[in-house]
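Peer 1: take a look and give me a structure for this.
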Amino acid sequence: MNLPDSRVAELIEEHLAGGLDPAGTAELRQALAERPELASHLFRAARMHRCLQTSLGPAAQSGHARSGVRAPRRFRRFPALALAAAAALVLGVFVWQALVWEPRAPSAPLAETKAPAAVGQSRSEGLFVTRDNRETALAAYAPLFAGDRLRAGTRADLVLADGSSVRLDSGTALGIAAPGPGERAHLELTAGRVFLRVAPAPGRFRVAAGAAAIEVLGTVFGVGLEDGAAVASVFEGRVRVGTDAGELELGRGESARADADSAPLRMAENPAELLAWARDWTRFDDRPLGEVLDWIAANSPYRFTASAAVRARRVSVAIADEPLSRTLETMIITCNLERTTRDHDVVLTGETP
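Peer 2: Residues are numbered from 1 along each chain as shown. Coordinates of the predicted model:
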């Protein structure tokens with residue numbers, strides 16, 4: 001409706017005089033609803049009106065003599081003096097507002113406090129988390145958040161929001177940092193060793209370990225700290241290992257050591273041997289040799305070529321936390337096989353028993 005100030009003052013004057021009809025009352029209420037700040041001016045005008053009534057007597061209330069009492073001559077000439085004074089006050093306030101008052105934008109609603117988004121989830125017991133300088137045990141399937149510092153009391157597993165899985169060896173200390181620009185995950189290894197299966201997804205996946213920064217290019221790999229140096233071992237894909245002194249890319253079946261004061265250097269050690277600790281204990285009871293070879297190929301850089309007759313041989317073998325080369329050698333002797341190895345490609349041959 002947006003009534004002009006003069007109309008609002010007129011409505012208030014009629015209201016104070018007691019002569020405001022229902023339509024005018026509706027107008028005044030609408031004006032007060034649209035401009036709540038006018039209510040205080042109405043109260044002040046009513047208070048002024050009451051004060052004048054009290055000071056000037058009956059003439060100020062009715063404008064004529066009541067019960068035979070005549071008002072003083074000066075007030076008989078102006079029977080509505082109190083009402084006029086109150087209305088003038090209200091009108092004056094409105095004029096002042098029109099000159100100096102600036103409408104204020106409505107206050108923005110308070111932002112809702114949102115719980116931080118989880119960046120991962122524990123998948124086993126044995127993990128402890130430090131938050132706000134207080135360490136507590138994590139239950140399986142508990143959420144993980146950026147800033148969490150994890151300690152593995154036993155071997156433990158977790159999964160990140162992008163689907164990547166991380167296995168921590170006993171005694172490992174791992175921080176989950178807030179991702180930087182262009183990153184989807186940023187882990188900080190300060191003790192122990194981890195084994196990662198990184199899911200394909202947009203954004204960089206980085207692991208800081210000692211003086212080394214490891215950028216994942218899509219891979220299955222492991223990282224450990226040994227005497228302050230980072231050791232990276234790649235099962236699948238590629239990683240880039242860098243220090244202040246240089247960087248190095250590693251592919252399948254390669255390992256490297258990164259010290260603080262030198263560029264990363266390739267190592268002769270086989271990743272399958274370095275990361276034997278991360279494998280699950282697996283047992284094959286009277287199963288085809290081909291199943292065992294497929295499992296080893298899926299969990300190591302080894303690739304096997306064997307005839308159908310060799311793959312069909314029945315074996316019983318337990319694969320625990322030991323080098324796969326030792327397990328493979330045991331199977332070859334047990335099955336009376338011959339092998340030819342070139343890099344990690346293994347050809348198995350043998351007479352049909």
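Peer 1: contacting residues for residue 189?
Peer 2: Applying Cβ atoms under 8 Å, 6 or more residues apart in numbering to residue 189 gives the contacts 172-175, 207-210, 223-225, 230. Any C-beta I mention is one placed from the backbone N, CA and C, and that applies to glycine too.
Peer 1: closest to residue 9 out of those residues?
Peer 2: For the contacts of residue 189, the minimum distance to residue 9 (Cβ to Cβ) is 68.1 Å, reached by residue 175.
Peer 1: and that closest one, how many neighbours?
Peer 2: 16 (other Cβ atoms under 10 Å).
Peer 1: what pLDDT is listed against the residue at minimal distance from the centre of the chain?
Peer 2: Nearest to the geometric centre of the chain sits residue 117, at 3.2 Å (Cα atoms, centre = their mean). Predicted confidence (pLDDT) for residue 117: 85.
Peer 1: I'd guess it is in a strand, am I close?
Peer 2: No - checked against DSSP: H, G, I helix; E, B strand; the rest coil, residue 117 lies outside a strand; its state is coil.
Peer 1: biggest separation within the contacts of residue 189, which pair?
Peer 2: The widest separation within the contacts of residue 189 (Cβ to Cβ) is 15.7 Å, between 175 and 224.
Peer 1: end-to-end on stretch 247-261?
Peer 2: Using Cα to Cα, to the nearest Å, the end-to-end distance of stretch 247-261 comes to 12 Å.
Peer 1: where exactly do the strands run in the stretch 101-250 of the chain?
Peer 2: Here the stretch 101-250 of the chain has its strands, by DSSP state E, counting those that start in this stretch, at 120-122, 127-131, 134-137, 143-144, 149-152, 156-160, 165-168, 173-177, 183-191, 193-197, 204-209, 212-226, 229-243, 246-250.
Peer 1: between these, which one is closest to residue 332.
Peer 2: It's strand 229-243; of those, that one is closest to residue 332 (Cβ to Cβ) at 21.8 Å.
Peer 1: which one of the strands of the stretch 101-250 of the chain lies closest to residue 289?
Peer 2: strand 229-243 (21.8 Å).
Peer 1: pLDDT of that closest one, averaged?
Peer 2: Strand 229-243 comes out at a mean pLDDT of 92.
Peer 1: go on, stretch 310-318?
Peer 2: 86.
Peer 1: give the buried residues for stretch 298-318.
Peer 2: Neighbour-count burial for stretch 298-318, counted by 16 or more other Cβ atoms under 10 Å, picks out 299-302, 304, 306, 310-311, 313, 315, 317.
Peer 1: which two among the residues you listed are spaced furthest apart?
Peer 2: 301 and 313 (23.3 Å).
Peer 1: mind giving me the domain ranges of the chain?
Peer 2: Domain assignment for the chain by automatic domain parsing gives 5-100, 120-274, 279-349.
Peer 1: now, of these, which is deepest in the fold?
Peer 2: Of these, the one with the most neighbours on average (mean count of other Cβ atoms under 10 Å) is domain 120-274, at a mean of 18.
Peer 1: ok, now how distant is residue 120 from residue 221?
Peer 2: 18 Å (Cβ to Cβ, to the nearest Å).
Peer 1: same thing with residue 211?
Peer 2: Using Cβ to Cβ, residue 211 is found at 18 Å from residue 221.
Peer 1: got it, and residue 197?
Peer 2: 9 Å.
Peer 1: residue 279 reaches residue 299, doesn't it?
Peer 2: Yes - with contacts counted by Cβ atoms under 8 Å, residue 279 reaches residue 299, the gap being 6.0 Å.
Peer 1: pLDDT weak spots in the chain?
Peer 2: 1-2, 18, 32-33, 36-115, 280-281, 320-323, 351-353 (pLDDT under 70).
Peer 1: now with 50, please.
Peer 2: 54-55, 58-79, 82, 95-96, 98-103, 353 (pLDDT under 50).
Peer 1: sorry, back to before: which of the buried residues of stretch 298-318 fall in strands?
Peer 2: Mapping these onto strands (DSSP state E) picks out 304, 306, 315, 317.
Peer 1: identify the bridge partners of the last one.
Peer 2: Spelled out, that is residue 317. For residue 317, the beta-bridge partners are residue 284 (DSSP bridges).
Peer 1: how about the strands of the stretch 101-250 of the chain, which one is nearest residue 271?
Peer 2: Of the strands of the stretch 101-250 of the chain, nearest to residue 271 by Cβ to Cβ is strand 229-243, at 3.6 Å.
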